[in-house]
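> Structure for this input, please:
(2 chains)
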2 protein chains.
Amino acid sequence: MTTQKLVAQIRKKKSFLCIGLDVDLEKIPSHLLKEEDPIFSFNKAIIDATHQLCVAYKPNTAFYEAYGIKGWTSLEKTIQYLNKNYPEIFTIADAKRGDIGNTSAMYAKAFFEDLAFDAVTVAPYMGKDSVEPFLAFKNKHTIMLALTSNAGAFDFQTKKIDEKELYKQVLETSKKWENSENLMYVVGATKAAYFREVRKIVPNSFLLVPGIGAQGGSLQEVCKYGLSENVGLLINSSRGIIYASKDENFTDAAAVKAKELQNQMEEILTK
Amino acid sequence: MTTQKLVAQIRKKKSFLCIGLDVDLEKIPSHLLKEEDPIFSFNKAIIDATHQLCVAYKPNTAFYEAYGIKGWTSLEKTIQYLNKNYPEIFTIADAKRGDIGNTSAMYAKAFFEDLAFDAVTVAPYMGKDSVEPFLAFKNKHTIMLALTSNAGAFDFQTKKIDEKELYKQVLETSKKWENSENLMYVVGATKAAYFREVRKIVPNSFLLVPGIGAQGGSLQEVCKYGLSENVGLLINSSRGIIYASKDENFTDAAAVKAKELQNQMEEILTK
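Prediction:
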């Protein structure tokens, strides 16, 4: 999917919400456990109930790998269901991959070609040649970790290299890489004040923002500093939406929670 | 597996060789493509031919994910075959994972419990709470990227924070984490002179060393600076061994290449 198409969807739906499909069998409604593939059944129901309120879905691969081959089957079915029924949706494999060049190329093939995701998250520690194999895919998006939403972000990401924090070095350095127009960045909502700094370096790039809700970040704060001319934000919520209820009516509860966020986004976009 | 048991195996076999099972269908002998599961057939043949010459095997998960569910099936069969037939072998999932706490816990479960690997590689960018969920597993080993073997290692890893390179900060900081005795580190052979610096910070930790052979690193140089009292090194070779021949006799060719490295290691250990 092109960035233009993503922006058009955001304008049309008045939403820049991404829903995280981090599915844990211990947290989904118990009546689904009788189904042949409970994880896919859960995802399908959540997607059908919320797809008009969001522009993106983001399964975190860890939750699927934890169930081995069954989990990978659920992941494949989920992305196939999305691509077939809702082709306007932007799909993100939250995989945080990164390896030496020939190996990153294998990961890129897995997520962009075989599974046909629009985007994949990657880690920056191994530098340029670990990320460029992802960037080589046209109309695919590589979302690199810059400043994450967890406490450990302060261990290295905010430490200063030549008077400039590591996350800023990561942002600046990556702009010089080949096909860097295919980069987006992860910036956690729990560090809203940093968005001003981030926007000085990447004024127009899309930012994927975890940490709203369960992790405590504020949507208003993030938008205050993070919004760009083409919106430039994808705000992720996972647990707050998909686990809104454990009852039979879980899809209604999820839609209510997604609608709450979409309403706030509509207000921000139209004011 | 305990570290003591690993060291005992190294002493017994006079080898600290790890063989990387990075299996690409385009590079394996063509007669195997007729088999039901060519990747597993290839791995099984390589393992049977080389297990007395090495102490560890390291499948890189990218090569399996690239084949989707079929690939994950091959990976499962490979680790099950190793654990059943060669329980003395140290097994490493080269996955370079790392995410926020509850997500890293899912990855740890996937690799340590479900697949029952002895070790998994992780990335340090997200800090303490992204790695500690792995460290919580007793007698399991978390191998963190410190200084990698690729060119991109110079993008961030060798940049200075407070007069000290990032990879040194990673080593030092990680020593303070809970259960840090379960940490090992990735240090690339292509940067042999750095091993002296690494050993000043982690004198006894095991180091997993990629980059010998195809990537140009020297075994002698690495050992000169990297050997510790309990050996403390696992030298990985992937392509140089497993793709030594594409003929029917590929296992003999792989064993010859593994034996060459084991001979050099025996000389180093016994002099």
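> Low-confidence ranges, the stretch 101-250 of chain A, go.
Low-confidence segments of the stretch 101-250 of chain A (pLDDT under 70): A:214-216.
> cutoff 80 now
By pLDDT under 80, the low-scoring segments of the stretch 101-250 of chain A are A:213-217.
> Break down it into its strands, ranges please.
Taking DSSP state E, counting those that start in this stretch as the test, the strands found in the stretch 101-250 of chain A are A:119-122, A:141-147, A:160-161, A:164-165, A:183-187, A:207-209, A:233-237.
> export the ones you listed to TSV and tack on distance to residue B:203 and mean neighbour count?
All C-beta atoms are positioned from the backbone trio N, CA, C, and that covers glycine. As requested, the strands of the stretch 101-250 of chain A are arranged in TSV below (distance: least, C-beta to C-beta, whole Å; neighbours: other C-beta atoms under 10 Å in any protein chain shown):
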stretch	distance to residue B:203	mean neighbour count
strand A:119-122	33	27
strand A:141-147	31	27
strand A:160-161	26	15
strand A:164-165	30	16
strand A:183-187	35	25
strand A:207-209	40	26
strand A:233-237	42	26
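> Tabulate those (JSON lines), appending distance to residue B:191.
Compiled in JSON lines, the strands of the stretch 101-250 of chain A are given as follows (distance: least, C-beta to C-beta, whole Å):
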{"stretch": "strand A:119-122", "distance to residue B:191": "22"}
{"stretch": "strand A:141-147", "distance to residue B:191": "23"}
{"stretch": "strand A:160-161", "distance to residue B:191": "19"}
{"stretch": "strand A:164-165", "distance to residue B:191": "24"}
{"stretch": "strand A:183-187", "distance to residue B:191": "27"}
{"stretch": "strand A:207-209", "distance to residue B:191": "32"}
{"stretch": "strand A:233-237", "distance to residue B:191": "37"}
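> mind giving me CSV with these and columns for distance to chain B?
Shown next, in CSV, are the strands of the stretch 101-250 of chain A (distance: least, C-beta to the nearest C-beta, whole Å):
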stretch, distance to chain B
strand A:119-122, 9
strand A:141-147, 6
strand A:160-161, 5
strand A:164-165, 9
strand A:183-187, 10
strand A:207-209, 14
strand A:233-237, 12
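> and the residue of chain A most remote from its centre, how far is that from residue B:160?
When distances are taken from the C-alpha mean of chain A, residue A:162 lies farthest, 30.5 Å away, according to C-alpha atoms, centre = their mean. Noted for residue A:162: a distance of 7 Å to residue B:160, by C-beta to C-beta, to the nearest Å.
> And for residue A:140?
Using C-beta to C-beta, one gets 34 Å for the distance from residue A:140 to residue B:160.
> Then residue A:178?
Between residue A:178 and residue B:160 the distance, using C-beta to C-beta, works out to 26 Å.
> again, but for residue A:98
Noted for residue A:98: a distance of 22 Å to residue B:160, by C-beta to C-beta.
> same deal with residue A:78?
In this structure, residue A:78 lies at 44 Å from residue B:160, with C-beta to C-beta as the measure.
> And residue A:84, by the same measure?
Applying C-beta to C-beta to residue A:84 and residue B:160 gives a distance of 50 Å.
> Can you show me the helices along the stretch 101-250 of chain A?
Using DSSP state H, counting those that start in this stretch, the helices assigned to the stretch 101-250 of chain A run over residues A:101-108, A:128-135, A:153-156, A:166-174, A:195-201, A:219-226, A:239-242, A:250-270.
> Many thanks, we can stop here.
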